[in-house]
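> Structural data only, the sequence is not supplied:
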Ligand SMILES: [Zn+2]
């Protein structure tokens, strides 16, 4: 017999499965932006956000394994779930633990999810200066996915995204940038 609580949990798990699949799970560029506050209190807003799973990235890698996924692998009870970034509004992590950190996921549909995230899982992206930003999950206090701004420009050829408003052409291939 299913208890009422288990029944509700299965309903929640089912609704997660029914969420739309991620736009591009293994692309070199990601349309996602995030504001991250680390455990020391430093805050950074990054674009091109992806998640890199230690040891699991060679399958998706290309380009030296530096490209990640635009979804998050979480331990949910006894199950592993894969949650697309676009379904996530905010993450709040409990204090660091050796293997897994407790995480509360605030979903875009208004629901909350209590799960565990691998401490070594790496979130990476680019700072506005285009410097590379990398952080392990265990050092994140909170992460908020922010909406794409209108000023974000996109190269139609290589699909890279740029925050610099003044740029007219892609620095990689010279293609004229498009505003989204
Ligand atoms: Zn380009």
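Ah, there it is. Values in this document were obtained by computation on a predicted structure and should not be read as measured data. Numbering: from 1, shown residues only.

> Now do the SS call for the nearest residue in space to residue 108 that is not next to it in sequence.
Here the nearest residue to residue 108 in space, its sequence neighbours aside, is residue 89; by CB to CB, 6 or more residues apart in numbering that works out to 5.1 Å. To be clear about C-beta, it is placed using only N, CA and C from the backbone, and glycine gets the same treatment. The local conformation at residue 89, judged by DSSP: H, G, I helix; E, B strand; the rest coil, is strand.

> per-residue confidence for residue 89?
For residue 89, the model assigns a pLDDT of 94.

> burial measure for it, as a count.
16 (other CB atoms under 10 Å).

> so residue 141 touches residue 37, yeah?
Yes. Contact status for residue 141 versus residue 37: in contact at 4.7 Å, counting by CB atoms under 8 Å.

> Can you name the residues that contact residue 127?
Applying CB atoms under 8 Å, 6 or more residues apart in numbering to residue 127 gives the contacts 44-46, 133.

> and the gap between it and the ion?
In this view, residue 127 and the ion are 19 Å apart by CB to the ion, to the nearest Å.

> near the ion, which residues of this protein?
Within the chain, the positions lying close to the ion (CB under 5 Å from the ion) are 155, 157-158, 170, 172-173, 175.

> Do a quick rundown of the helices in the chain.
According to DSSP state H, the chain carries its helices in the segments 4-17.

> Flag the shaky bits of it, pLDDT-wise.
Applying pLDDT under 70 to the chain flags residues 1-3, 7-28, 53-67, 147-151, 180.

> Give me the longest strand you can find in it.
When the chain is parsed with DSSP state E, its longest strand is strand 43-52.
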